[in-house]
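Undergrad: I'd like to go over a predicted model; first the sequence, then the structure.
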Amino acid sequence: MFGQGGGLLYTPLLIFLGYSTLASISTSLFLNMITALFATVMYFRSRLVELRLALAFIPGIIAGSFLGGAEGNFVDTKLLLWLFVAFLVGAGARMVYTYWERTPATQVSRKRPSPSTYIVVALFSFGVGILSGLLGIGGGILILPFLVFAYRIPTKAAAGTSMFVVIFSSAFGVLGHSTFGQLDYLLILSTVLAVAAGGAIGARFMIRTGARWIKAGFGLLMLVFAIQLVLKLLG
């Protein structure tokens, strides 16, 4: 629904179910990719993907996600969890705030992005890719507001564009993890159909409604997960 892939919930949920941190992160990235793929089809059919701008994200997001995914195998798992807690708190608060936030009501630009736009997007997407591969989040939680406020793209079109980019950040994050670690293929197979269906349904719902209150509720849920992770880390 919100152009984010779902990794902000997949990762902590899998950890609470008893899977290791690295297995949870790599599985989350794979599920992000499937969710984003099916959701993007729905957005694309409704002409809510700003393709030229989305393509500007691809080089940076590919490099950053692969590097972040590979690095995840060498970073202390407790440090990864504390980083994820910080990200959950920030992202959750940001989503709750959107309930009262006014977003630009402009039309999607069909102009070719300028050279300076490509530079800014490349640097931004590389940083987002690092976080995406490292934490298994996909990066949509950062890409969507960036598109809305930096380039004044309407929320629904930003969600569609973000989901397109998340396909690449998740796919290359998975490749980065698989280079030095192992994927839990049984876990992936047992969940992939559910997230594919959920991605398509969520995108269709977002296209038809604003769903502002659901977005705020999603943010509150992230804050709850953050608190639970803190309690888990503190024993």
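TA: Now that the structure is in, tell me what you want to look at.

Undergrad: for residue 46, phi and psi?
TA: In terms of degrees, to the nearest 10, the main-chain angles of residue 46 are phi -90, psi 10.

Undergrad: wouldn't residue 33 be in contact with residue 170 here?
TA: Yes. With contacts counted by CB atoms under 8 Å, residue 33 reaches residue 170, the gap being 3.7 Å. For glycine as for every other residue, the C-beta is placed from the backbone atoms N, C-alpha and C.

Undergrad: Pick out whichever of the two has more residues nearby.
TA: residue 170 (33 against 25; other CB atoms under 10 Å).

Undergrad: Please report how far that one lies from residue 202.
TA: Distance from residue 170 to residue 202, counting by CB to CB, to the nearest Å: 16 Å.

Undergrad: so what pLDDT did residue 201 get?
TA: According to the prediction, residue 201 has pLDDT 84.

Undergrad: What count of nearby residues applies to it?
TA: Residue 201 has 14 nearby residues by other CB under 10 Å.

Undergrad: Check residue 192 too.
TA: 16.

Undergrad: which residue sits closest to it, ignoring its sequence neighbours?
TA: residue 34 (5.4 Å; CB to CB, 6 or more residues apart in numbering).

Undergrad: Is that neighbour in a helix, a strand, or coil?
TA: Following DSSP: H, G, I helix; E, B strand; the rest coil, residue 34 is assigned to helix.

Undergrad: give the contact list for it.
TA: By CB atoms under 8 Å, 6 or more residues apart in numbering, residue 34 lies in contact with 192, 195-196, 199.

Undergrad: When you compare pLDDT across the residues you listed, which one is lowest?
TA: Taking pLDDT as the measure, those have their low point at residue 199 (79).

Undergrad: List the contacts of the residue lying closest to it once chain neighbours are set aside.
TA: Nearest non-adjacent residue to residue 199, counting by CB to CB, 6+ apart: residue 35, 3.7 Å away. Each residue near residue 35 by CB under 8 Å, 6+ apart is listed here: 5-6, 195-196, 198-199, 202.

Undergrad: Select from the residues you listed the one having the most neighbours.
TA: residue 5 (35 neighbours).

Undergrad: Could I get the pLDDT score of that one?
TA: At residue 5, pLDDT is 68.

Undergrad: Now render the contacts of residue 35 as TSV, adding secondary structure.
TA: As requested, the contacts of residue 35 are exported to TSV (three-state DSSP):
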residue	secondary structure
5	coil
6	coil
195	helix
196	helix
198	helix
199	helix
202	helix
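
Undergrad: With distance to residue 90 added, can I get the residues you listed in JSON lines?
TA: Shown next, in JSON lines, are the contacts of residue 35 (distance: CB to CB, whole Å):
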{"residue": "5", "distance to residue 90": "17"}
{"residue": "6", "distance to residue 90": "17"}
{"residue": "195", "distance to residue 90": "24"}
{"residue": "196", "distance to residue 90": "29"}
{"residue": "198", "distance to residue 90": "24"}
{"residue": "199", "distance to residue 90": "24"}
{"residue": "202", "distance to residue 90": "22"}
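
Undergrad: Can you pick out the most distant pair from the residues you listed?
TA: Spatial extent of those (CB to CB) is set by the pair 5 and 196 at 12.3 Å.

Undergrad: I'd like to know how far residue 146 sits from residue 153.
TA: Counting by CB to CB, the gap from residue 146 to residue 153 is 10 Å.

Undergrad: out of these two, which sits in the busier spot?
TA: Neighbour count, other CB under 10 Å: between residue 146 and residue 153, residue 153 has more, with 26 against 19.

Undergrad: For the more buried one, which non-adjacent residue is spatially closest?
TA: Leaving aside its chain neighbours, residue 153 sits nearest to residue 147 (4.6 Å; criterion: CB to CB, 6+ apart).
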